[in-house]
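Enquirer: whatever this is, show me its structure:
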Amino acid sequence: MVKVEQTVYNLVIVLSTIAVGIFAFHAISQMIFSVITRTPEDPFWGFAVALFISLGISGIILPITYIFNRYLQKSLWEQITISLSTAASGALMGFYYGGIATGGRNAQAAAISACIAAIVISGAGFYLKKGFFSIIPYTIATISAYGFTFILSAKAAAYLSTYNFIPGIILTILSLLSINLTLIHLNRTIQKVLSYKVTSFQGADITDIHFFPSQNTKFPKNRKDRRS
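Expert: Next up, the predicted model:
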């Protein structure tokens with residue numbers, strides 16, 4: 001007899017995912033608000049551009065891949081995009097928390113920690129396709145997609161408020177598309193978390209295992225009931 005108890009394990013998965021999401025939201029929001037007002041004349045403008053590109057790679061590339069997978073067969077390209085997304089996610093987390101660990105004043109140390117985190121997380125994401133680790137990059141990427149959308153929306157509002165309608169309208173359209181991709185990403189992440197509630201016996205030898213129904217299980221009493 002096998003009694004499957006996954007409630008505690010599922011709770012740990014959900015709480016761990018929430019914790020990762022909180023850390024990712026804190027890091028990305030802090031980085032966004034530190035560069036959101038930067039201009040091309042600012043010496044830190046390069047960091048703002050790098051952050052914007054990293055958020056786009058981390059948060060947007062996977063939802064686009066999901067859309068194309070509806071029409072194309074899955075291939076190595078999907079795994080490459082997953083690795084790129086996880087690398088960007090790792091770089092974002094490594095840069096922020098690596099910088100915090102060094103007192104927030106050593107940009108070189110933050111960049112090195114970003115490179116190390118990108119390599120480790122992308123490599124692990126390429127080989128560890130199952131288990132809890134597979135949820136972590138999706139969680140970070142969902143927050144990244146939100147951050148990417150936030151920057152687009154803020155820049156669109158800034159242009160529109162100064163009557164620069166052409167770039168403002170273009171950025172508004174892009175932000176609306178980004179919102180849609182963010183929702184796709186969020187739905188995908190939730191599906192991966194909820195998939196842990198399904199018990200899988202693939203590859204297991206269940207020849208001599210007996211499953212007993214619960215007391216509330218009802219069976220048809222005759223063949224006629226079975227057919228109905």
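
Enquirer: how close does residue 167 sit to residue 28?
Expert: 24 Å (Cβ to Cβ, to the nearest Å). Where you see a C-beta, it was placed from the backbone N, CA and C, and this is true even at glycine.

Enquirer: ok, those two, which is more surrounded?
Expert: residue 28 (26 against 14; other Cβ atoms under 10 Å).

Enquirer: so where's this protein uncertain?
Expert: Scanning the chain for pLDDT under 70 picks out 1-6, 69-76, 104-105, 125-132, 196-228.

Enquirer: the same query, at a cut-off of 50, please.
Expert: 1-5, 198-203, 211, 214-220, 223-228 (pLDDT under 50).

Enquirer: tell me which element the residue nearest the centre of it falls in.
Expert: In the chain, the C-alpha closest to the average C-alpha coordinate belongs to residue 138, at a distance of 2.4 Å (Cα atoms, centre = their mean). Assigned by DSSP states H and E, residue 138 falls within helix 135-161.

Enquirer: list the buried residues of the next helix or strand after that helix.
Expert: Counting by DSSP H and E, the next helix or strand C-terminal to helix 135-161 is helix 165-194. Neighbour counts using 16 or more other Cβ atoms under 10 Å place 168, 171-172, 174-175, 178, 181-182, 184-186, 189, 192-193 of helix 165-194 among the buried residues.

Enquirer: and which of the residues you listed is nearest to residue 51?
Expert: For these, the minimum distance to residue 51 (Cβ to Cβ) is 15.1 Å, reached by residue 178.

Enquirer: hang on, isn't the closest one packed against residue 145?
Expert: Yes. Counting by Cβ atoms under 8 Å, residue 178 does reach residue 145; the two are 7.0 Å apart.

Enquirer: hey, what's in contact with both of those two?
Expert: residue 60 (Cβ atoms under 8 Å, 6 or more residues apart in numbering).

Enquirer: for residue 25, give me its contacts.
Expert: So residue 25 contacts 143, 146 (Cβ under 8 Å, 6+ apart).

Enquirer: and what about it, helix, strand or coil?
Expert: Following DSSP: H, G, I helix; E, B strand; the rest coil, residue 25 is assigned to helix.

Enquirer: measure it to residue 78 for me?
Expert: Per Cβ to Cβ, residue 25 is found 26 Å from residue 78.

Enquirer: run through who's touching the helix or strand in which residue 115 is found.
Expert: In this structure, residue 115 sits in helix 107-127 according to DSSP H and E. The contact list for helix 107-127, computed with Cβ under 8 Å, 6+ apart, reads 79, 82-84, 86-99, 101-102, 133-134, 136-137.
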